[in-house]
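S.K.: Sharing a sequence plus its predicted fold:
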Amino acid sequence: MKTYNIAIVGLGNIGLEVYKNLLKNKKNILDKTGFKINVSHVCAKNFKKNRGVSIPKKIWMANPLDLPKIKNIDIIVELIGGSDGIAKKLVFASIKNGKHYVTANKELIAKHGDKLSILAEKNSVNLLFEASVAGGIPIIRSIKQGLVANKIKHIYGILNGTTNFILTEMEKKGSTFAEALKYAKAKGYAERNPFADLSGNDVACKISILSSICFGSKILNKDFLVEGISNIEILDILFAKKIGYRIKLLGIAEIVNNQIKQRVHPALIPADLDIANINGVTNAVVVDGEPIGRTIYEGAGAGKGPTASSVISDIASVMVGNDDFSFGLSPAAKKNYKLFNFRQHVSKYYLRFLVHDKPGVLSIITSVLAKNKISIQNLLQDPSESSLSNVMIITHRAMEKSIQGVIKILSKNKKLFKKIVMIRVRDESKL
Ligand code: HSE
């Protein structure tokens, strides 16, 4: 019976949880996989740090880059993060030295995943990253294995717990964005620098990975639309609610005319849709495949327990040997899809104009919309005592480039328009 020697790099919240669970669940893992595990090395910055668990000195390594050369290590588990720097050096050196590699590092995989999967195949090792997307939800393995019979046409979801928590707090408690962010930080849901979450960049990495797996495509990791939630105010959420929508930050990828239409942006979605009712730090992913149809996967998208669960499932897959292709197909079979030109996107749009409340403002808005052939479905002016007022509009279906044109023209008029917020409405899709 083979024993797998495992090296864990990074002993933060997640690394430590993986370490503890591997020790605690040795017997369970042996019963389920038929293999023994042994944490042979751990590596982090500071040995002396109080972690509430004693780490034997003999398994401690100071420099992660020494690990790939150590003969008896079978699997290297990287939990430090970052697309470059040490993580990049470590992954290339590990795979070249014949080590299986397990990581939660979405930036690394979204940026270098194509190259790495080729290298992994060449070196007959596994490169697995279940924990990089949607925390504890086994979405990658579900798509690669559970949905292997399917042609997947569409995937989308709530892939960031921090922003979903903030949007939920704003809606449920009427908090401002700043208050909700502060609360998220206090609860440990938002990092001290929450830029990657708020800007949509975190979701961008995740949807790039998912779309590559779903469509058998080379990773599309740049030049697609990525918008975050920093512009959204409580009154956008309340207006959306009044007319039957919720606002969620979505990562979306679908095949349209043999191109991949991939994007990250907040969207107004019908309040009665299951995914509109995914609240707090929970993530959810909808996958539409043929022949299965629509499926939805829901669970904790972040946190040490859920992430450790995914990391350990990758370790088990390496041992059992049932997950050879990182992206679910041989790297040589990956196709080169083009990105859909998002300026051609058609949907309804929510527009909010913060205006100086002067005669004629509304007619300027409506005439610019009319000139661009954009028709209005709903319109509301927020009653205000001050000289500033909000005008909210839902358009009928219009093309992205026309909407962008309208925003460009009106935002030039700084005297009248203080702020213009645009959020796409997603209510056409049956998904
Ligand atoms: N920061 C991420 C989130 C978790 O809030 O969902 C790690 O991907």
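M.R.: Received it, and whenever you're ready, just let me know what you need. Keep in mind that what you see is a predicted model, and the values were worked out from it rather than measured.
S.K.: ok, I393 touching N378?
M.R.: Yes: counting by Cβ atoms under 8 Å, N378 is a contact partner of I393 at 6.8 Å. Where C-beta positions appear, they are placed from N, C-alpha and C, glycine not excepted.
S.K.: what about the two, which has more around it?
M.R.: I393 (22 against 14; other Cβ atoms under 10 Å).
S.K.: what residues are up against that one?
M.R.: Y350, L351, R352, F353, I365, L369, I376, N378, L379, L380 (Cβ atoms under 8 Å, 6 or more residues apart in numbering).
S.K.: now with 6 Å?
M.R.: L351, I376, L379 (Cβ atoms under 6 Å, 6 or more residues apart in numbering).
S.K.: Next: I95.
M.R.: With Cβ under 6 Å, 6+ apart, I95 has these contacts: Y101, L119, A120, N123, V125.
S.K.: Pipe the contacts of I393 into a markdown table and attach neighbour count and pLDDT per row.
M.R.: Shown next, in a markdown table, are these (neighbours: other Cβ atoms under 10 Å; pLDDT from 0 to 100):
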| residue | neighbour count | pLDDT |
| --- | --- | --- |
| L351 | 22 | 98 |
| I376 | 14 | 97 |
| L379 | 14 | 93 |
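S.K.: Surely I394 forms part of a strand?
M.R.: Yes: I394 sits within a strand when classified using DSSP: H, G, I helix; E, B strand; the rest coil.
S.K.: Report how many residues lie close to it.
M.R.: Neighbour number of I394 under other Cβ under 10 Å is 21.
S.K.: Retrieve the pLDDT associated with it.
M.R.: I394 is assigned a pLDDT of 97 by the prediction.
S.K.: Next, find the distance separating it from K373.
M.R.: 16 Å (Cβ to Cβ, to the nearest Å).
S.K.: Closest one of the contacts of I393 to the ligand?
M.R.: L351 (28.1 Å; Cβ to the nearest ligand atom).
S.K.: what bridges to the spatially closest residue to the closest one that is not a sequence neighbour?
M.R.: Of all residues not flanking L351 in the chain, I393 sits nearest, at 4.6 Å (Cβ to Cβ, 6 or more residues apart in numbering). Following DSSP bridges, I393 is listed with bridge partners L351, L379.
S.K.: on that earlier part again, from the contacts of I95, pick out the ones that also neighbour the ligand.
M.R.: Taking Cβ under 6 Å from any ligand atom as the test, the ligand is in contact with none of the contacts of I95.
S.K.: Show me the residues you listed that map onto strands.
M.R.: Secondary structure defined by DSSP state E assigns Y101 of the contacts of I95 to strands.
S.K.: Compare the contacts of I95 and tell me which is most surrounded.
M.R.: Y101 (27 neighbours).
S.K.: ok, that residue to V125 distance?
M.R.: 7 Å.
S.K.: How many residues are close by Q344?
M.R.: Neighbours of Q344 (other Cβ under 10 Å): 13.
S.K.: Can you tell me how far it is from the ligand?
M.R.: Relative to the ligand, Q344 is positioned 30 Å away (criterion: Cβ to the nearest ligand atom, to the nearest Å).
S.K.: And that residue, its phi and psi?
M.R.: phi -90, psi 0 (degrees, to the nearest 10).
S.K.: Check which residues of the one helix or strand L354 maps to are buried.
M.R.: Using DSSP states H and E, L354 sits within strand 346-356. Buried residues in strand 346-356, counting neighbours by 16 or more other Cβ atoms under 10 Å, are found at S347, K348, Y349, Y350, L351, R352, F353, L354, V355.
S.K.: ditto for stretch 325-343
M.R.: In stretch 325-343, counting by 16+ other Cβ under 10 Å, buried: F325, S326, F327, G328, L329, P331, K334, Y337, F340, F342.
S.K.: Pull the contacting residues for the third one.
M.R.: Right, F327. F327 sits in contact with S117, S212, I213, where contact means Cβ under 6 Å, 6+ apart.
S.K.: could I get these as CSV with pLDDT, secondary structure and neighbour count?
M.R.: Shown next, in CSV, are the contacts of F327 (pLDDT from 0 to 100; DSSP: H, G, I helix; E, B strand; the rest coil; neighbours: other Cβ atoms under 10 Å):
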residue, pLDDT, secondary structure, neighbour count
S117, 98, helix, 23
S212, 98, helix, 29
I213, 98, helix, 25
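S.K.: Could I get the residues you listed in a markdown table, plus columns for distance to the ligand?
M.R.: Below are these laid out as a markdown table (distance: Cβ to the nearest ligand atom, whole Å):
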| residue | distance to the ligand |
| --- | --- |
| S117 | 20 |
| S212 | 17 |
| I213 | 16 |
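S.K.: re the thing from before, possible to save the contacts of I95 as CSV with pLDDT?
M.R.: Listed next are the contacts of I95 as CSV, based on pLDDT from 0 to 100:
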residue, pLDDT
Y101, 98
L119, 98
A120, 98
N123, 98
V125, 98
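S.K.: List just the nearest of the contacts of I95 to D314.
M.R.: Nearest to D314, judged by Cβ to Cβ, of these is Y101 at 9.3 Å.
S.K.: The helix or strand harbouring I6 pairs with which strands, and in what direction?
M.R.: I6 belongs to strand 3-9 when assigned by DSSP H and E. Using DSSP bridges, the strands paired with strand 3-9 are strand 36-43 (parallel), strand 75-78 (parallel).
S.K.: which residues are in contact with the longest one?
M.R.: Defining contact as Cβ under 6 Å, 6+ apart, one finds that strand 36-43 is touched by 3-9, 22, 29-30, 55, 59, 61, 64.
S.K.: Figure out how far the next helix or strand after that strand is from the centre of its chain.
M.R.: Using DSSP H and E, the next helix or strand after strand 36-43 towards the C-terminus is strand 60-61. Centre-to-centre, strand 60-61 and its host chain are 32 Å apart (Cα atoms, centre = their mean, to the nearest Å).
S.K.: Just the helices from this structure, written as ranges.
M.R.: Per DSSP state H, the chain carries helices over the ranges 13-24, 26-33, 85-96, 106-122, 139-141, 161-173, 177-186, 195-198, 201-215, 234-242, 304-320, 361-371, 400-412.
S.K.: and stretch 249-266, which residues are buried?
M.R.: Those buried within stretch 249-266 under the rule 16+ other Cβ under 10 Å are 249-255, 260-266.
S.K.: Just the C-alphas of it, formatted as PDB.
M.R.: What follows is stretch 249-266, C-alpha atoms only, in PDB (Å, rounded to 0.1, in the frame of the first residue of the first chain):
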ATOM      1  CA  LEU A 249     -22.300  40.200  -9.100                       C
ATOM      2  CA  LEU A 250     -22.200  37.500 -11.800                       C
ATOM      3  CA  GLY A 251     -19.500  35.700 -13.700                       C
ATOM      4  CA  ILE A 252     -21.000  34.500 -17.000                       C
ATOM      5  CA  ALA A 253     -19.700  32.500 -19.900                       C
ATOM      6  CA  GLU A 254     -21.600  31.000 -22.800                       C
ATOM      7  CA  ILE A 255     -21.100  29.900 -26.400                       C
ATOM      8  CA  VAL A 256     -22.700  32.300 -28.900                       C
ATOM      9  CA  ASN A 257     -22.100  31.800 -32.600                       C
ATOM     10  CA  ASN A 258     -19.100  29.600 -31.900                       C
ATOM     11  CA  GLN A 259     -17.500  32.400 -29.800                       C
ATOM     12  CA  ILE A 260     -17.200  32.600 -26.000                       C
ATOM     13  CA  LYS A 261     -19.200  35.400 -24.500                       C
ATOM     14  CA  GLN A 262     -17.600  35.800 -21.200                       C
ATOM     15  CA  ARG A 263     -17.900  38.600 -18.700                       C
ATOM     16  CA  VAL A 264     -18.100  39.700 -15.100                       C
ATOM     17  CA  HIS A 265     -20.600  42.400 -14.000                       C
ATOM     18  CA  PRO A 266     -23.300  43.200 -11.500                       C
END
